[in-house]
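# give me the fold of what follows.
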Amino acid sequence: MTLTFQEAAQILKISPATVRNWLKAGVLKSTQLLHVKETKKNISSGVLNKLQRGANKHQSRKIHVHAELLSNKSNVTALAPLIEKYGKQKRELLLAVYLRQLVATGLVKYKSGKLVIGARLSAELSEWNISHQSPAFMRMYQSIHSLKADFSDNLLSYLHQSVNETAAKQNLGAYYTPASAVKKALKILDRPGRVCDPCCGSGNFLVEAYRQMKLENWPAAELSVFGYDCDPLAVLTARANLTLVSEGRVNVLKAIQQRDFLLNQPVEEFEYIVTNPPWGSYPSVSQTGRLQKQFSLKKTKDSFSFFLLASLQSMKRNAYGNFILPQAFMNVSAHAEIRRYLFSNCTVHSIEILSEKFSGVMTKSILISLQNKRPSTEHEVLIKSDVHCRVMNEEVLISKDCILPLHNDNTSLKVVREIESLSKCTLKGQSSWGLGLVTGNNEKFLFADPAKGRSPVLTGAQVFRFKQPISQLYCHSDISQFQQAAPLEVYRQSKKLIYRFIAKELVFAIDTKGSLTLNSANVLIPQSKKYSCEFICGLFNSKLAQYYFTKKYSSIKVLRSHLETFPLPPYDEELFVQIEKNVLKLRNSFDQQTADRIDSLIVKAYRLSKASEEAILNYEINRAFNP
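Purely as a prediction, here's the structure:
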């Protein structure tokens, strides 16, 4: 049976592009089901280590310790021997620690070497499916009972996260939410109502919500928290945490249930939904199709978008929701469809760029606060970051891909909007593009010395503004053997632009030597008679371009979509010729005065207001990227 790339990717927990690369490199023999399963088995057993490092950790069995979850850091040392000894008996370890915490609170008695459990807790504890009076379990419990630890601490969440393997968390997209972010998200609770976390994990949102309800003297707090998760161990842990904080007052079997919220939504509707849905995980191909049909979507595939929409369906009219999402939600084109849906159907009150760092997660996060009602025509969304700004809901909807501003104040937002309003042209449809090479094995295919059959190859680190890059490495001229390569003629162009792919600013150089590039340096070839290679080089290296790029995207990756949609100034032959001449000067020898002159000419080409001109020309760029 032959699988599609998408089906093979689903089984291997990689992207379809990686499937293509593995086929090319011989890591994967074919997309026959037999070969795909064989490769998966080799990865799991460690014969292949393709997914054990870097960004691809979906098969990693490494266990991480999450000390940030504990208030009392001495507990890290106290629990370390337990994790080492019982880490593979996750359920038993968690139950034993939970029972010790129940003993510490007086909800369970420990007499004469036996645990005495009342009727109120027996139903909950039976759900663990462990005989807690068996000799083997009691030996484990006794070693924990005598442990010198602070049993009032958040031990269960700590253990649940620490004994879960990296692969399990990444496949589910599940990572612990920092306590400060949980409290921030729950500030939305301003009046009594039912609170739901549809992917509750170990229950931290529910525990903190219950604490807040009790502090505010909400009536019926014990009946106001609800959680769901598809991970059975997470559900048991969440129930245990809620039992501990409520001292057994909450009927946790009813409050927290094992359920796939996407495919089996509850009939109840809630006044609040507060959650950190899974990031970077994807439903199966068949489930994705079903969910797209259910929510009338065409392109959306990631779990967090589906959780957003499922949550809206479970919210009462005018109910409130707070969602912690990856920052990519704001400006990555893959999420344009879900952005358009939210801003068309909900009142998004604010989006805050969080300062909290998630352990094991590289991407930044945001907190989006919304209400389940249609926005008014005059509604403004507050963007909170190092500075605050407001953006009209209608402006978001009419902009291409509904991209939201990052790290802006109202002044910079006006400048960005003015640049866009004065431009009617982009590089889309009048340029060629090429990704840099991915060799699959740099140690094997890259060389420090030239030789027959080798060609110079450039990396992003060798690209500086304007100047011809100088190669320090060589690779095989036959690029067909590499995992990723653009057509050879793209690299061999007599004149092309090379730019850094990983950079917080735009860094462009003109290459006239037909150099190859690695994937840290990509290729752009303008194909317009009006917008020449030299002009585009001057534009993308200018202060105006840095200002627009950083205010619009705030990205550490320079994507084709960023550049292809960059608003170009109206054509002005005399002005453009001056810019081109100054760019050619800088190719030979860089001087700041000429670079400043290019900045002024570029700003002049856009015919901006005086205030916008001053904002751009006073903007400081990173001069480390200058030659």
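
# what ranges do the helices span in the stretch 201-350 of the chain?
In the stretch 201-350 of the chain, the helices defined using DSSP state H, counting those that start in this stretch lie at 204-215, 232-246, 252-255, 285-294, 303-313, 336-345.

# out of those helices, which is the most enclosed?
Highest mean neighbour count of the helices of the stretch 201-350 of the chain: helix 232-246, a mean of 24 (counted as mean count of other C-beta atoms under 10 Å). Using the backbone N, CA and C atoms, a C-beta is placed for each residue, glycine as well.

# which residues touch that helix?
Here helix 232-246 makes contact (C-beta atoms under 8 Å, 6 or more residues apart in numbering) with 90-91, 94-95, 98, 101-102, 105, 107, 121, 124, 127-128, 154, 156-157, 160, 174, 200-204, 206-207, 210-211, 222, 225, 227, 229, 250, 252-253, 255-258.

# just the buried residues of the residues you listed.
Taking 16 or more other C-beta atoms under 10 Å as the criterion, what is buried in the contacts of helix 232-246 is 90, 94-95, 98, 101-102, 107, 121, 124, 128, 154, 156-157, 160, 174, 200-204, 206-207, 210, 222, 225, 227, 229, 250, 252, 255-257.

# in strands only, show me the residues you listed.
Mapping the buried ones among the contacts of helix 232-246 onto strands (DSSP state E) picks out 225, 227, 229, 256, 257.

# burial of residue 575, as a residue count?
Summarising burial for residue 575: neighbours were counted as other C-beta atoms under 10 Å, giving 16.

# residues in contact with it?
For residue 575, the contact set (C-beta under 8 Å, 6+ apart) comprises 601, 604, 605.

# any idea how far it is from residue 606?
According to C-beta to C-beta, to the nearest Å, residue 575 stands 10 Å off from residue 606.

# ok, residue 565 next?
16 Å.

# the two: who's more crowded?
Neighbour tally, residue 565 and residue 606, criterion other C-beta under 10 Å: the higher count belongs to residue 606, 20 against 17.

# mind listing what that one touches?
Neighbouring residues of residue 606 by C-beta under 8 Å, 6+ apart: 419, 422, 423, 544, 569.

# again, but for residue 625
With contacts defined as C-beta under 8 Å, 6+ apart, residue 625 is in contact with 464, 465, 500, 503, 505, 507.

# now for the fifth one, how many residues are close by?
Summarising burial for residue 505: neighbours were counted as other C-beta under 10 Å, giving 19.

# for the stretch 101-250 of the chain, which spans come out with low pLDDT?
Residue ranges of the stretch 101-250 of the chain with pLDDT under 70: 165-175.

# now do 90
112-113, 119-120, 132-133, 146, 154, 158, 160-179 (pLDDT under 90).

# need the pLDDT of residue 448.
With respect to pLDDT, residue 448 scores 94.

# identify the bridge partners of the nearest residue to it once chain neighbours are set aside.
Spatial nearest neighbour of residue 448, excluding adjacent residues (C-beta to C-beta, 6 or more residues apart in numbering): residue 473 at 6.7 Å. When bridges are called by DSSP bridges, residue 473 pairs up with residue 457.

# wait, residue 473 touches residue 450, no?
No: at 9.9 Å, residue 473 does not count as touching residue 450 under the criterion of C-beta atoms under 8 Å.

# and residue 574, backbone torsions?
Residue 574 adopts backbone torsions of phi -60, psi -40, taken as degrees, to the nearest 10.

# tally of neighbours for residue 20?
Quick note: residue 20 (other C-beta under 10 Å) scores 17 neighbours.

# which SSE is it in?
Remark: residue 20 resides in helix 16-25, with elements defined by DSSP states H and E.

# any idea of the mean pLDDT for whichever helix or strand comes after that helix?
Downstream of helix 16-25, the first helix or strand assigned by DSSP H and E is helix 33-45. If you average the pLDDT over helix 33-45, you get 76.

# before we move on, what about stretch 330-341?
Here stretch 330-341 scores 88 as its mean pLDDT.

# ends of it, what's the gap?
From its first residue to its last, stretch 330-341 covers 13 Å (C-alpha to C-alpha, to the nearest Å).

# over to stretch 335-355?
The first residue of stretch 335-355 is 22 Å away from its last residue (C-alpha to C-alpha).

# how distant is it from the center of its chain?
Distance of stretch 335-355 from the chain centroid (C-alpha atoms, centre = their mean, to the nearest Å) equals 15 Å.

# can you check stretch 427-444 too?
In this view, stretch 427-444 has its centroid 23 Å away from the chain centroid, taken as C-alpha atoms, centre = their mean.

# what is the end-to-end distance of it?
Using C-alpha to C-alpha, the end-to-end distance of stretch 427-444 comes to 37 Å.

# other residues contacting that stretch?
With contact meaning C-beta under 8 Å, 6+ apart, stretch 427-444 is reached by 21, 24-25, 445-446, 457, 475, 479, 482-487, 490-491, 501, 516-528, 531, 536, 560, 563-566, 568.

# roughly how far apart are the residue nearest the centre of the chain and residue 600?
When C-alpha atoms, centre = their mean is applied to the chain, the residue found nearest the centroid is residue 326 (4.2 Å). The gap separating residue 326 from residue 600 is 38 Å, by C-beta to C-beta.

# please apply the same query to residue 194.
In this view, residue 194 and residue 600 are 60 Å apart by C-beta to C-beta.

# walk me through the domains of the chain.
For the chain, automatic domain parsing gives the domain ranges 1-60, 67-163, 174-405, 431-625.

# secondary structure class for residue 143?
Classification of residue 143 using DSSP: H, G, I helix; E, B strand; the rest coil returns helix.

# next one: the closest residue to it other than its chain neighbours, what pLDDT does it get?
Distances taken as C-beta to C-beta, 6+ apart place residue 82 nearest to residue 143, at 7.7 Å, with adjacent residues excluded. What the model reports as pLDDT for residue 82 is 87.
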